[in-house]
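Novice: Below are the sequence and a predicted model; questions follow.
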Amino acid sequence: MEKNMVVGFLLGAASGALICGMAALLLAPSSGSELRQQIRERAQYVQDEVKRAAEERRVELEHQLSELRAPRRLGTTPPQA
């Protein structure tokens with residue numbers, strides 16, 4: 001549950017950074033082509049960060065799943081997340 005909160009926070013922070021970045025770019029004086037290029041670069045950066053965070057989470061979940069699927073001996077306790 002705590003990891004869900006962290007992932008949610010990171011996604012919210014990334015979304016907020018994208019929105020604020022785009023608002024700052026739109027309000028800053030620059031030409032249309034420069035502005036579009038800056039927006040593309042910022043959007044690509046955020047997309048890359050979201051993909052990286054999703055991949056990290058996928059690896060964590062796969063590890064947890066493999067631990068849960070591993071055979072257990074009688075009298076042992078399951079691993080704690």
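Specialist: Nice, I can see it. Residues are numbered from 1 along each chain as shown.

Novice: Relative to residue 45, how far out is residue 51?
Specialist: 11 Å (CB to CB, to the nearest Å). Where you see a C-beta, it was placed from the backbone N, CA and C, and this is true even at glycine.

Novice: More neighbours: which of those two?
Specialist: residue 45 (14 against 10; other CB atoms under 10 Å).

Novice: tell me how far the strand or helix carrying that one is from the chain's mean position?
Specialist: Assigned by DSSP states H and E, residue 45 falls within helix 32-69. Distance of helix 32-69 from the chain centroid (CA atoms, centre = their mean, to the nearest Å) equals 5 Å.

Novice: Could I get the buried residue list for it?
Specialist: For helix 32-69, burial by neighbour count (16 or more other CB atoms under 10 Å) applies to 38, 42, 46, 49.

Novice: what's the pLDDT at the first one?
Specialist: What the model reports for residue 38 is a pLDDT of 83.

Novice: Quick check: it touching residue 25?
Specialist: Yes - with contact defined as CB atoms under 8 Å, residue 38 counts as touching residue 25 (5.0 Å).

Novice: Now do residue 42 against residue 71, distance only.
Specialist: To residue 71, residue 42 is 48 Å away according to CB to CB.

Novice: With residue 9 instead?
Specialist: Using CB to CB, residue 9 is found at 36 Å from residue 71.

Novice: Any regions of this structure where pLDDT drops low?
Specialist: When residues are selected by pLDDT under 70, those of the chain lie in 1, 30, 75-81.

Novice: Kindly recompute the last result at 80.
Specialist: Counting by pLDDT under 80, the ranges of the chain that qualify are 1-7, 18, 21-22, 24-32, 35, 72-81.

Novice: for the host helix or strand of residue 16, packing partners?
Specialist: Per DSSP H and E, residue 16 falls inside helix 2-27. Other elements packing on helix 2-27 under the criterion 3 or more CB pairs under 8 Å, 6 or more residues apart in numbering; DSSP states H and E are helix 32-69.

Novice: Just the angle for the helix it packs on relative to helix 2-27, thanks.
Specialist: 180 degrees (axes from the mean of the first three to the mean of the last three CA atoms, to 10 degrees).

Novice: Show me which of residue 9 and residue 71 is the more surrounded one.
Specialist: Ranked by neighbour count (other CB under 10 Å), residue 9 and residue 71 place residue 9 first, with 10 against 4.
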